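Asks: dropping the sequence and predicted coords here.
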Amino acid sequence: MQEQLCARTAFYRRERRSVPRARRFARTALADWDLDHLADDVLLCVSELATNAVLHGVPPGRGYRLCLSLDEGGLLRVEVHDSGAGEPRLPVPLPYDGDEGESGRGLLLVSALADGWGVDERVPGKIVWCEFRCYGKNYGENYGENYGEKCGRKCGPNCGRNSGRNCGTGYGKP
């Protein structure tokens with residue numbers, strides 16, 4: 001397990017206006033850690049997980065916690081802790097029926113954008129998390145077999161996604 005370089009946590013009440021606040025909190029952390037080039041994907045996932053917590057996971061009168069952490073291997077983890085019962089699941093694709101509903105696709109987006117996601121137990125409630133690999137503007141400088149994992153994502157100008165090169169060990173600043 002990699003050592004954690006930096007982490008930030010914020011608590012939000014069960015209200016719709018907490019979702020944009022959670023996005024602002026995450027955007028600030030990404031900028032401070034020199035990871036703003038990942039903001040689009042990470043902020044969309046933060047938005048989806050926070051919205052799910054507000055709509056489905058947080059009982060009335062309670063709130064949720066957003067945790068962001070970056071480890072020395074360049075793994076960014078986003079966690080939303082809530083105290084509600086139930087376990088989020090990817091929706092089962094149904095044949096198109098002409099209905100353009102506005103809900104039910106959040107975890108599909110998270111699963112498409114993040115390198116991994118899942119649900120852990122907590123008492124009470126659960127932790128819904130997603131992870132992003134290959135971070136930092138300088139991670140591409142150390143290509144070679146001894147540096148990092150093969151990424152598979154386009155994280156920046158030096159990613160090497162389509163070149164078959166490894167990403168390296170560079171990452172954002174603490």
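Replies: The structure has been received and is ready for your questions. Residues are numbered from 1 along each chain as shown.
Asks: confidence-wise, which helix or strand of the protein is lowest on average?
Replies: helix 106-113 (a mean of 90; mean pLDDT, DSSP states H and E).
Asks: which positions in that one come out as buried?
Replies: Across helix 106-113, burial judged by 16 or more other C-beta atoms under 10 Å covers 106, 107, 110, 113. To be clear about C-beta, it is placed using only N, CA and C from the backbone, and glycine gets the same treatment.
Asks: which strands and helices sit next to that helix?
Replies: For helix 106-113, the contact count by 3 or more C-beta pairs under 8 Å, 6 or more residues apart in numbering; DSSP states H and E identifies helix 39-52, strand 116-121 as packing neighbours.
Asks: same list (those) but as CSV, adding mean pLDDT, mean neighbour count and distance to residue 69.
Replies: Putting those into CSV (pLDDT from 0 to 100; neighbours: other C-beta atoms under 10 Å; distance: least, C-beta to C-beta, whole Å) gives the following:
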stretch, mean pLDDT, mean neighbour count, distance to residue 69
helix 39-52, 96, 21, 12
strand 116-121, 92, 13, 14
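Asks: possible to save these as a markdown table with distance to residue 76?
Replies: Formatted as a markdown table, the helices and strands packed on helix 106-113 follow (distance: least, C-beta to C-beta, whole Å):
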| stretch | distance to residue 76 |
| --- | --- |
| helix 39-52 | 7 |
| strand 116-121 | 11 |
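Asks: with respect to residue 23, which of these lies nearest?
Replies: Closest of the helices and strands packed on helix 106-113 to residue 23 is helix 39-52, at 5.2 Å (criterion: C-beta to C-beta).
Asks: where does the chain have low pLDDT?
Replies: Applying pLDDT under 70 to the chain flags the ranges 1, 89-104, 134-174.
Asks: now with 80, please.
Replies: 1-2, 86-105, 134-174 (pLDDT under 80).
Asks: many thanks, I have nothing further to ask.
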